[in-house]
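In: just the structure for this:
(4 chains)
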Protein chains: 2
Amino acid sequence: MFRLDRFIPYRLMVAAEEVSLGFSVTYKRQYGLSRPEWRVLASLAELRGATAKEIATHSSMHKTKVSRAVFELEKRKWLLRKLDEADRRMEHLSLTKAGIAAHAKLVVHATAYQAKLLALLGERSSEQLFSMLDKLHANHGKDRS
Amino acid sequence: MFRLDRFIPYRLMVAAEEVSLGFSVTYKRQYGLSRPEWRVLASLAELRGATAKEIATHSSMHKTKVSRAVFELEKRKWLLRKLDEADRRMEHLSLTKAGIAAHAKLVVHATAYQAKLLALLGERSSEQLFSMLDKLHANHGKDRS
DNA sequence: TCACTATAGATGCGGCTGTAACCATCAATT
DNA sequence: AATTGATGGTTACAGCCGCATCTATAGTGA
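Out: Numbering: from 1, shown residues only, chains lettered A, B, ... in the order given. Model prediction:
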């Protein structure tokens, strides 16, 4: 007998939407950012000089989402493009000082929110959660190759 | 030091998208259903005679999503509405024979996909996963009250 | 050099989504 | 009965998304 509330794709998606909502109010209402924009900002803070393609791969976003997010962040002057002279199809992206500052502020909220979730789940469970998500992610890569 | 790949909302959303994609190809390509439509179909197979509001609460969907999914399923003749005579604002929804048959076919695919995921994670881990998702869900309810 | 294929990134278009507003109905109060 | 406020459900609208396509550049082989 099939039960929707024990179906992993369904439960995972509901949980992801619920948990993401809790943080999205911060970057949406307080900073006017969309989720793709927040993700590109956070990715670029770690992968300085990355290309749009690299960000898309790294953060599992569709390339058009990245393209549009980059455009918006550039408009805010939080992000700069630099053409790769060796391969002029690519652009290396980096955050401006304003972009870095905005990221730093958001990270404060993100860390506080993460602390709440870790407290709720417990440290041990959280490690297990990441381990499972890693497995699912690794398996997903296999399907698409 | 903040790391995006250890941020629960982000990892949960990426995993949910990846895992959901694996099953959505079935109901999308093979049956032409959207995700809200699949969810309403599955909910209604369990909660016969439920109202749109009950489905929205039960499956964590926005009421406009439910409204549109119900409309589409009705158009396919997979779903019937019956006005509640005691409270004429509500409609009790139920699946037609065609709707039940479609659901049964989809459940076969869903069960097979679920089996793959359970095999990947292991039975013990899967139980822990549901336990964590339950905790997150319970906590989410608390925030909104 | 030319033709062909592949890749990075941008964009038009149609479809989906949430917000806010709306309609109809109900419940409580006067 | 009339007023007021709450609730179930629908919808117009504006914004977001992915697919398909396009442009520009690069690589490969004849």
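In: where's A:Ser24, which helix or strand?
Out: A:Ser24 is part of helix A:8-25 when elements are defined by DSSP states H and E.
In: again with A:His92
Out: strand A:91-95.
In: cool, and A:Phe130?
Out: helix A:123-143.
In: so what does that helix touch, helix or strand wise?
Out: helix A:97-121, helix B:8-25, helix B:97-121, helix B:123-143 (3 or more Cβ pairs under 8 Å, 6 or more residues apart in numbering or on different chains; DSSP states H and E). From N, CA and C alone the C-beta is placed, and that goes for glycine too.
In: can you tell if that helix touches DNA strand D?
Out: No. Contact of helix A:123-143 with DNA strand D (Cβ under 7 Å from any atom of the strand) is absent, the minimum separation being 14.6 Å.
In: same question for stretch A:87-107.
Out: Yes. Applying Cβ under 7 Å from any atom of the strand, one finds stretch A:87-107 touching DNA strand D at A:Asp87, A:Arg88, A:Arg89.
In: which one of those sits closest to A:Gly32?
Out: For the residues of stretch A:87-107 next to DNA strand D, the residue nearest A:Gly32 by Cβ to Cβ is A:Arg89; the value is 31.0 Å.
In: quick one: that closest one from A:Lys82, how far?
Out: A:Arg89 is 13 Å from A:Lys82, where distance means Cβ to Cβ, to the nearest Å.
In: the more surrounded of the two?
Out: A:Lys82 (11 against 8; other Cβ atoms under 10 Å in any protein chain shown).
In: tell me if stretch A:16-33 is near DNA strand D.
Out: No. Stretch A:16-33 does not reach DNA strand D (Cβ under 7 Å from any atom of the strand); its nearest approach is 8.9 Å.
In: tell me which residues are up against that stretch.
Out: A:34-35, A:37-38, A:41, A:102, A:105-106, A:109-110, A:113, A:117, B:8-10, B:12-13, B:15-17, B:60, B:136-137, B:140, B:143 (Cβ atoms under 8 Å, 6 or more residues apart in numbering or on different chains).
In: let's see 7 Å
Out: A:35, A:38, A:102, A:106, A:109-110, A:113, A:117, B:8-9, B:12-13, B:16, B:60, B:136-137, B:140 (Cβ atoms under 7 Å, 6 or more residues apart in numbering or on different chains).
In: out of the helices and strands packed on helix A:123-143, which comes closest to DNA strand C?
Out: helix B:8-25 (10.6 Å; Cβ to the nearest atom of the strand).
In: next structured bit after that closest one?
Out: Counting by DSSP H and E, what follows helix B:8-25 is helix B:35-46.
In: from the chain's centre, how far out does that following helix sit?
Out: Relative to its chain's centre, helix B:35-46 lies at 6 Å (Cα atoms, centre = their mean, to the nearest Å).
In: buried ones in it?
Out: B:Arg35, B:Pro36, B:Glu37, B:Trp38, B:Arg39, B:Val40, B:Leu41, B:Ala42, B:Ser43, B:Leu44, B:Ala45 (16 or more other Cβ atoms under 10 Å in any protein chain shown).
In: touching chain A at all, the helix or strand following it?
Out: Using DSSP H and E, the helix or strand that directly follows helix B:35-46 along the chain is helix B:52-58. No. Using Cβ under 7 Å from any Cβ of the partner chain, helix B:52-58 never reaches chain A; the gap is at least 8.6 Å.
In: output the contacting helices and strands for helix B:52-58.
Out: helix B:35-46, helix B:63-75 (3 or more Cβ pairs under 7 Å, 6 or more residues apart in numbering or on different chains; DSSP states H and E).
In: picking up where we left off before, could I get the average pLDDT for the helix holding A:Ser24?
Out: Helix A:8-25 shows an average pLDDT of 96 in the prediction.
In: and what of stretch A:122-139?
Out: 95.
In: quick one: contacts of it?
Out: A:118, A:121, B:6, B:11, B:15, B:18-19, B:120-121, B:125, B:128-129, B:132.
In: ditto for stretch A:76-95
Out: By Cβ under 7 Å, 6+ apart, stretch A:76-95 touches A:41, A:44-45, A:48-52, A:70, A:73-74, A:96, A:98-99, A:102-103.
In: end to end on that stretch, go ahead and measure it.
Out: 11 Å (Cα to Cα, to the nearest Å).
In: would you mark the buried spots in it?
Out: So for stretch A:76-95, counting by 16+ other Cβ under 10 Å, buried means A:Arg76, A:Trp78, A:Leu79, A:Met90, A:Glu91, A:Leu93, A:Ser94, A:Leu95.
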